[in-house]
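S.K.: Following is a predicted model, sequence given first.
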Number of protein chains: 2
Amino acid sequence: MITRRSLFALSFTAALHAAPKRPNIVMIYADDLGYGDLGCYGHPTIKTPNLDRMAAQGMKFTQFYSANPYCSPSRSALMTGRYPARNGMNVVLFPDSKGGLPPEEITTAVLLKQQGYSTACVGKWHLGHTPNFLPKSFGFDSYFGIPYSNDMSPATSANQNLQRRNAWPPTPLIRDAEVMESEPDQSQLTRRYTEQATTFIRKSSAAKRPFFLYLAHTMPHWPLAASAAFKGKSARGLYGDAVSELDWSVGEVLKTIEQSGEGKNTLVFFSSDNGPAPVGLEGGSAGLYRDGKGTTWEGGVREPALAWLPGRIAAGVTTSAFATTMDLFTTFSQLGGARIPADRVIDGQDISDVLFRNAEGREPLLFYYNQGPLRAVRKGAWKLHISACNVAPGVNDRRYQDLAKPLLFNVEIDPSEKFECAAKNPETVEELLSLIEKHKASFTPGRAQT
Amino acid sequence: MITRRSLFALSFTAALHAAPKRPNIVMIYADDLGYGDLGCYGHPTIKTPNLDRMAAQGMKFTQFYSANPYCSPSRSALMTGRYPARNGMNVVLFPDSKGGLPPEEITTAVLLKQQGYSTACVGKWHLGHTPNFLPKSFGFDSYFGIPYSNDMSPATSANQNLQRRNAWPPTPLIRDAEVMESEPDQSQLTRRYTEQATTFIRKSSAAKRPFFLYLAHTMPHWPLAASAAFKGKSARGLYGDAVSELDWSVGEVLKTIEQSGEGKNTLVFFSSDNGPAPVGLEGGSAGLYRDGKGTTWEGGVREPALAWLPGRIAAGVTTSAFATTMDLFTTFSQLGGARIPADRVIDGQDISDVLFRNAEGREPLLFYYNQGPLRAVRKGAWKLHISACNVAPGVNDRRYQDLAKPLLFNVEIDPSEKFECAAKNPETVEELLSLIEKHKASFTPGRAQT
């Protein structure tokens, strides 16, 4: 006989089975790592066995984008699911900057914390370094790291404006909102960040709380550094050493997750904030993509990206589904049970169907901003540049020039942007130009920070 | 009580366990496929799930070389384990060529056949097309395919010398030594080759004989073609269609091997004869490497390479061990129980320790010949060009010029050959120049074919 009580028990059990357990979420972000710098993306001499393992056990993206080719804006998009031009962070912050991510912006950490997640930010934040702009103001229970780039102090900078640069403080290492150390030994950062991250994972697991970890490494951003265990060990030089240590760190995180019994309930996502920096052999490789950091060529914003969740994400899958860091805001938040804010434009979309069902994903659509203005747009296979830098071969200059005639590429057939084809496709040029106009007209810029 | 008889039985069993069974060997060779053209090497829009599976279940090489950036010579090196300058095939054959691989050359097929292997060659041979030079003269029990490139007939060639070209016969499709068809429908070749290959695998397995299959696809060499099931299906255009069909073919071969019960005793090796051809969007991508086919830049000779033998080759390993197609001659032959000929110089070395024990392999050493002369040498991390083409950025011209000052690159730190550093390393330049002199002095050229 079925009683009311057993009916209730039945439906409760069914609900438990229907809704998968909310996963822990670990976002690992590298700094200035190129698309071509990992073994699983074809680099010949940088050994990345742990990231290769993530790829072999999980999903590798080939059309994954950062929203911007520079640090601060790309990180703001990851955190808010919105273009930097919307969230006010369409700018790179320096130690003399007063602003940061506007307090009205809502981050994944805020949403997940509301859902009962433990949250921690470890590493490079770069969305404001004065007390009100640090991670604890944006949903993170704790913070440990250098709040901006590692070349932003009198001792480390290559900025030619000596007066400005010499007025900057020494590089701060911050815990929560307090400066713990000045000009810390950068060769120890990857190791120290990793210790913070693994301790947080163990503690959260022991406390039986779901957790969100945002581990944003300082490496391999210039000036490069690696600890004694890695320095001089890679055939790729100091850059390879730094990436190898990053790879080691990923291995430690995966191992800690598995040893804590969270291996089947933790989504780990790995990517980079923008393409490789133009600093000679101390910068990385964009693989088959054109150019790199600081440009809106594909090399500036097309990133390596790996997703790992054994049992829910299929093993060894290479996906060409289009996705962006903004989509991670939406996806992470919804996986954690949060509702996406309805009072503002969110540019990110849920990519769960790509992750868990290997779906093809949506049609590509990306507006490429850099150094302020909109420079290019991609819709489907087509990408139109209305303003560009380094158009002539061999030229390396990050200054943009408006183009009298826009440049058109089919980046599905020609991902390296070698074969310009505007003259052959006037209708596509018109379509993309009007898409840009429509986008601009509909756009309410954020409170621009400085 | 241990009798003599049981002692014998014991040692016989021990010997059986000590020597692993001689594996079947399947060599799949693509034509003009670039290092960057597979999902497992980072291509964004060419979907290669079967090759990605080979990589996830096996070993992926990042420093694997062809011996030459053109078809005929690179294939001769694969077959003989010797530089084309030694084996007489330092030349590309055309339909009006009279020569081929000299009969005194010994191929892997000859050695494996002597050890009781069934042997078959399917696809593009390109080591001579007159009856005495076809695969059956070099150890293969059977042959099916187009004996040279698919752009070598009056109907398909882009050769500007119309008088020469118009004197060529229509493209022949040969079985053993007989022309079966003229100018066959190229869109059916990948499918037809695959049928021949899988039939051979099934028959050899049923006959309980070890087998050696050399499956050398005509695709994705220009002019591109794909069957109806693949044409227009890839986001990468016709080139992607052709590579997708190649990937399908690899999947059929793997499936047939597994269904025949040979899955744990068949070494499958996949690679390409040279880098991507300079034919615009109909050519492939060398990934992060410079230039492509027809040049001695890394893009000309650095190839994708995958090795698969579940249970004996570890899964999901990316190796940066240096290896060449010439090593496959030695490795395949020894795996099959053959002795390597001692009456001639063999340039290949056994790479079993890389394949089965993930060893680091030997120090890189490669002499880069093209269009005749030696153009460059790599020893360890260093590569010295003494003659080069396309030195100026953006120039696309396959004519070589001798260099007054050799160009030096560290291809482990700088695999893209962007940062020339001869002036900073005069001792290395001297060392490599004297290595070239030593090599030249010790070298007995083969009987050059035309």
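M.R.: Nice, thanks for sending it over.
S.K.: Can you pull the poorly scored residue ranges out of chain A?
M.R.: Counting by pLDDT under 70, chain A shows low-confidence ranges at A:1-20.
S.K.: how about the lengthiest helix in it, does it reach chain B?
M.R.: Taking DSSP state H as the assignment, the helix of chain A that covers the most residues is helix A:237-259. Yes: using CB under 8 Å from any CB of the partner chain, helix A:237-259 reaches chain B at A:237, A:240. For the C-beta atoms, the positions are set from N, CA and C on the backbone; glycine is no exception.
S.K.: Give me the contacts around the helix or strand just after that helix.
M.R.: Note on helix A:237-259: by DSSP states H and E, the next helix or strand toward the C-terminus is strand A:266-272. By CB atoms under 8 Å, 6 or more residues apart in numbering or on different chains, the residues outside strand A:266-272 that reach it are A:23-34, A:51, A:54, A:58, A:64, A:66, A:250, A:253-254, A:257, A:303-309, A:312-313, A:325, A:328, A:332, A:335, A:355.
S.K.: Skip the chain neighbours and tell me the closest residue to residue A:205.
M.R.: Nearest residue to residue A:205, sequence neighbours excluded (CB to CB, 6 or more residues apart in numbering or on different chains): residue A:260, at 3.9 Å.
S.K.: Quick one: residues contacting the one you found.
M.R.: A:201, A:202, A:205, A:206.
S.K.: make it 10 Å
M.R.: Applying CB atoms under 10 Å, 6 or more residues apart in numbering or on different chains, one finds that residue A:260 lies in contact with A:24, A:198, A:201, A:202, A:203, A:204, A:205, A:206, A:266.
S.K.: In a strand, the fifth one, correct?
M.R.: Spelled out, it's residue A:203. No: membership of residue A:203 in a strand is not supported by DSSP: H, G, I helix; E, B strand; the rest coil, which gives helix.
S.K.: Could you single out the nearest of the contacts of residue A:260 to chain B?
M.R.: Within the set of the contacts of residue A:260, residue A:266 lies nearest chain B; the separation is 20.0 Å, counting by CB to the nearest CB.
S.K.: now the helices for the stretch 251-400 of chain A?
M.R.: Counting by DSSP state H, counting those that start in this stretch, the stretch 251-400 of chain A has helices at residues A:298-301, A:325-335, A:352-357.
S.K.: Can you say which of those helices is packed in most?
M.R.: Relative to the other members of the helices of the stretch 251-400 of chain A, helix A:298-301 carries the highest mean neighbour count by mean count of other CB atoms under 10 Å in any protein chain shown, namely a mean of 29.
S.K.: is chain B contacted by that helix?
M.R.: Yes: using CB under 10 Å from any CB of the partner chain, helix A:298-301 reaches chain B at residue A:298.
S.K.: Which strands and helices lie in contact with that helix?
M.R.: When contacts are defined as 3 or more CB pairs under 10 Å, 6 or more residues apart in numbering or on different chains; DSSP states H and E, helix A:298-301 packs onto strand A:59-65, strand A:365-369, strand A:374-379.
S.K.: Could you report the neighbour count for residue A:202?
M.R.: Residues contacting residue A:202 under the criterion other CB atoms under 10 Å in any protein chain shown number 15.
S.K.: I'd say it and residue A:253 touch.
M.R.: No: in terms of CB atoms under 10 Å, residue A:202 does not count as a neighbour of residue A:253; the distance is 11.1 Å.
S.K.: sec struct for residue A:403, please.
M.R.: Under three-state DSSP, residue A:403 comes out as strand.
S.K.: I'd like the distance between the residue nearest to residue A:205 and chain B.
M.R.: Distance of residue A:260 to chain B, given as CB to the nearest CB, to the nearest Å: 23 Å.
S.K.: buried subset of the contacts of residue A:260?
M.R.: Buried subset of those (neighbour count, 16 or more other CB atoms under 10 Å in any protein chain shown): A:24, A:198, A:201, A:204, A:205, A:266.
S.K.: Quick check: the third one touching residue A:213?
M.R.: What that stands for is residue A:201. Yes: in this structure residue A:201 lies within contact range of residue A:213 using CB under 10 Å: 6.6 Å.
S.K.: Could you give me the buried positions within stretch A:305-321?
M.R.: A:305-309, A:312-314, A:316-321.
S.K.: Nearest to residue B:238 among these?
M.R.: Minimum distance to residue B:238 across the buried residues of stretch A:305-321 is 17.3 Å, recorded for residue A:320 (CB to CB).
S.K.: number of nearby residues for residue A:207?
M.R.: 9.
S.K.: Assign residue A:149 to helix, strand or coil.
M.R.: Applying three-state DSSP: residue A:149 is coil.
S.K.: For it, give me phi and psi.
M.R.: Dihedral pair for residue A:149: phi -70, psi 160, per degrees, to the nearest 10.
S.K.: which bits of the stretch 351-450 of chain A sit near chain B?
M.R.: Checking the stretch 351-450 of chain A against chain B by CB under 10 Å from any CB, the hits are A:380-381, A:392-395, A:410-416, A:418-419, A:421.
S.K.: Drop anything exposed from those residues.
M.R.: A:380, A:381, A:410, A:411, A:412, A:413, A:414, A:415, A:416, A:421.
S.K.: Identify the farthest-apart pair in those.
M.R.: Using CB to CB, those span at most 17.9 Å, a distance reached by A:380 and A:416.
S.K.: Could you tell me the end-to-end distance of stretch A:252-268?
M.R.: The distance separating the two terminal residues of stretch A:252-268, taken as CA to CA, to the nearest Å, comes to 12 Å.
S.K.: got it, and stretch A:413-432?
M.R.: Using CA to CA, the span of stretch A:413-432 from its first residue to its last is 18 Å.
S.K.: Next one: the most centrally placed residue in chain A from residue A:70, what distance?
M.R.: Most central residue of chain A, judged by C-alpha distance to the mean C-alpha position with CA atoms, centre = their mean, is residue A:273 at 4.3 Å. In this view, residue A:273 and residue A:70 are 8 Å apart by CB to CB, to the nearest Å.
S.K.: next one: residue A:138
M.R.: Relative to residue A:70, residue A:138 is positioned 20 Å away (criterion: CB to CB).
S.K.: now residue A:266, which residues is it bridged with?
M.R.: Residues in a beta bridge with residue A:266, per DSSP bridges, are residue A:24.
S.K.: can you pull the buried residues of the longest helix of chain A?
M.R.: Judged by neighbour count (16+ other CB under 10 Å), helix A:237-259 contains these buried residues: A:237-254, A:256-257.
S.K.: now swap in stretch A:106-120 and tell me
M.R.: Buried residues in stretch A:106-120, defined by neighbour count with 16+ other CB under 10 Å: A:106, A:107, A:108, A:109, A:110, A:111, A:112, A:113, A:117, A:118, A:119, A:120.
S.K.: contacting residues around the second one?
M.R.: When contacts are counted by CB under 10 Å, 6+ apart, residue A:107 is found next to A:76, A:78-81, A:87, A:101, A:113, A:119, A:121, A:127, A:135, A:137-140, A:214, A:329, A:333.
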